[in-house]
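**Q** Here is a sequence with its predicted model. Questions after.
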Amino acid sequence: MRRFSVLLLTLAISLTACSFADLPGTIQTGNLPAPSETPQLILPTPTAEPSPTPTESPLLAPISLPEIVELHMFSDLRGWAITPGGVLRTSDGTKTWQPLLVPLVNLSSGANSLFLDADTAYVLSTQPDGSGLLSITRDAGKTWQQRPAPFADGRMTAVGETVYVLQTLGAGAGSQPVAIQVIYNNGESFFQPFTHTPGEPEAEGSLPMSGDKTGMSFITPERGWISGSRPVDNEIYLFRTDDSGVTWRAQAILPPPDLGGFMAASQPPVFFASDPLNGVLPVDFYTQNSSEVQRAFYLTQDAGETWTPAAPLFPAVSAFAFINAQTGWLVSANQLIFTADGGLSWSRLPVSFPPNETVITMNFISATTGWLVTQSENSVTNLYQTSDGGYSWMAFQ
């Protein structure tokens, strides 16, 4: 059991606000257009293979505050964390953590994890012979369903129970060939809609090998994006598919007004299950006019057909979290900033973290309840929780 210390944060008389007034039309009003019809990829009919018998996982002793690098909470009490040493779960609101033990998997060796809810997790790992192993739990790690996978690593994202994997096939000077894998049929079937073949010319409709791919996200089983960067002036790297990853095309994104010359790195767009027309696309800009990276948040209200940059640009953004299209938080230059109107205005919350701590990840589950993790200069991890939307925080020790 940990000791709790309450970090009392004095509320300011008024909050500093940043307006979107110089960007008319950023937030469109009225009826939203429906997404355009897209072709549906017909996945291969699963073969009738027997499901492997679930393997029970032994319980390990709870541990003290871990070195968290990612936090995924799904309720006030239950969630998951990724650490350099593996995957943990909590059932008491992050007071204690239970290490996961997945049969045949060394979680400290870089296995990839995806969390769909407080009970369901996918773990993709490499076996000693180089083959892939997919492990799935649907009871918070008590038992695991395992089967060989035709790939051994990759970054996972999901739409419902369909999981998409961005698999890196290597890297060269300014290029990164990838394959896209689909896990479906409750994790029992696999399909590869796209792969690069290094050394062969790129076909029309192919995702380019050039550029570093920062991630992938899907809004429907058909429509998705791959984000990234490449050393090209005045380009925002964003490619879109409307056929489940078989073909790709560049999506034109305009820079914020008066930015000047730039290079950019995009991150995967974030959408909301309760409101799939709305989404947020983070883009980092590198300009000659600023020594710091400036992040813009692009907004869509038409399921990613168009993206509009919201003002202002924020320097040194280390973490952000949106729970819906209206409500979000970000940490810029170690200051916590909040919007409740979809980015029409931003308020600086009266929170001051120690100057030697940097916020590395943040997770909100409602307008009031959230967590953030900081790391000090000597790599000490600190975990904080708020129950009032970020105005005050309690530190776990």
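**A** On my side now, so go ahead. Because the structure is predicted, anything quoted here is derived from the model rather than measured.

**Q** least trustworthy helix or strand in the protein by mean pLDDT?
**A** In the chain, no helix or strand scores lower on mean pLDDT, DSSP states H and E than strand 17-19, which sits at a mean of 35.

**Q** quick one: contacts for residue 272?
**A** Shown in contact with residue 272 (Cβ atoms under 8 Å, 6 or more residues apart in numbering): 278, 279, 322, 323, 324, 325. In short, each C-beta sits where N, CA and C put it, glycine included.

**Q** Would you mind stating the distance between it and residue 324?
**A** 5 Å (Cβ to Cβ, to the nearest Å).

**Q** Ok, residue 258 next?
**A** Distance of residue 258 to residue 324, given as Cβ to Cβ: 30 Å.

**Q** Pop the domain breakdown of this protein in here.
**A** Domain segmentation of the chain under the TED database yields 52-120+137-151, 316-396.

**Q** Rebuild those domains as CSV, extending it with mean pLDDT.
**A** Converted to CSV, the domains of the chain look like this (pLDDT from 0 to 100):
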stretch, mean pLDDT
domain 52-120+137-151, 86
domain 316-396, 93
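
**Q** Quick one: closest of those domains to residue 239.
**A** domain 52-120+137-151 (20.5 Å; Cβ to Cβ).

**Q** centre of the chain versus whichever strand or helix holds residue 346, how much separation?
**A** Take DSSP states H and E as the rule and residue 346 turns out to sit in strand 345-348. Relative to its chain's centre, strand 345-348 lies at 23 Å (Cα atoms, centre = their mean, to the nearest Å).

**Q** do stretch 388-397 as well
**A** 23 Å.

**Q** buried set for it?
**A** 389, 390, 391, 392, 393, 395, 396 (16 or more other Cβ atoms under 10 Å).

**Q** cool, stretch 299-317 as well?
**A** Buried, per 16+ other Cβ under 10 Å, within stretch 299-317: 299-304, 306-314, 317.

**Q** Over to stretch 90-97?
**A** For stretch 90-97, by 16+ other Cβ under 10 Å, it's 90, 93, 94, 96, 97.

**Q** now do stretch 143-161
**A** 144-147, 149, 151-159.

**Q** Also stretch 171-182?
**A** Neighbour counts over stretch 171-182 (16+ other Cβ under 10 Å) mark 176, 177, 178, 179, 180, 181, 182 as buried.

**Q** Please apply the same query to stretch 253-273.
**A** Neighbour counts over stretch 253-273 (16+ other Cβ under 10 Å) mark 253, 255-256, 259, 262-272 as buried.

**Q** That stretch spans what distance, first to last residue?
**A** 24 Å (Cα to Cα, to the nearest Å).

**Q** For that stretch, give the mean pLDDT please.
**A** What stretch 253-273 shows for mean pLDDT is 95.

**Q** Count the neighbours of residue 168 for me.
**A** Neighbour count for residue 168, taken as other Cβ atoms under 10 Å: 14.

**Q** Name the nearest residue to it, ignoring sequence neighbours.
**A** residue 178 (5.7 Å; Cβ to Cβ, 6 or more residues apart in numbering).

**Q** Look up the pLDDT of that neighbour for me, please.
**A** pLDDT, residue 178: 96.

**Q** Now do the residue nearest to residue 175 when sequence neighbours are not counted: how many residues are near it, please.
**A** Distance criterion Cβ to Cβ, 6+ apart; nearest residue to residue 175, sequence neighbours excluded, is residue 209 at 4.5 Å. Look at residue 209: counted by other Cβ under 10 Å, it has 20 neighbours.

**Q** Which pLDDT value goes with residue 209?
**A** Listed pLDDT for residue 209 reads 95.

**Q** Dump the domains of the chain to JSON lines, plus distance to residue 227.
**A** As requested, those are exported to JSON lines (distance: least, Cβ to Cβ, whole Å):
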{"stretch": "domain 52-120+137-151", "distance to residue 227": "17"}
{"stretch": "domain 316-396", "distance to residue 227": "15"}
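
**Q** OK, contacts around the residue nearest to residue 175?
**A** Neighbour list for residue 209: 172, 175, 176, 177, 196, 198, 202 [criterion: Cβ under 8 Å, 6+ apart].

**Q** Narrow these to those in strands?
**A** Among the contacts of residue 209, no member falls in strands (DSSP state E).

**Q** which of these lies closest to residue 334?
**A** Scanning those for proximity to residue 334, where the rule is Cβ to Cβ, the winner is residue 176, at 31.4 Å.

**Q** Return the residues in contact with the closest one.
**A** So residue 176 contacts 168, 170, 209, 210, 211, 212, 213, 228 (Cβ under 8 Å, 6+ apart).

**Q** what's the most distant pair in the residues you listed?
**A** Farthest apart among those by Cβ to Cβ are 170 and 228. That separation is 15.3 Å.

**Q** Just want to know which of the two has more residues nearby.
**A** Shown here are residue 170 and residue 228; by other Cβ under 10 Å, residue 228 has more neighbours (24 against 11).

**Q** Hmm, the more buried one is touching residue 266, no?
**A** Yes. The criterion here is Cβ atoms under 8 Å, and residue 228 meets it with residue 266 at 6.5 Å.

**Q** Give the residues shared as contacts by those two.
**A** Going by Cβ under 8 Å, 6+ apart, residues that sit against residue 228 and also against residue 266 are 214, 237.

**Q** Centre of the chain to stretch 302-310, how far?
**A** 18 Å.
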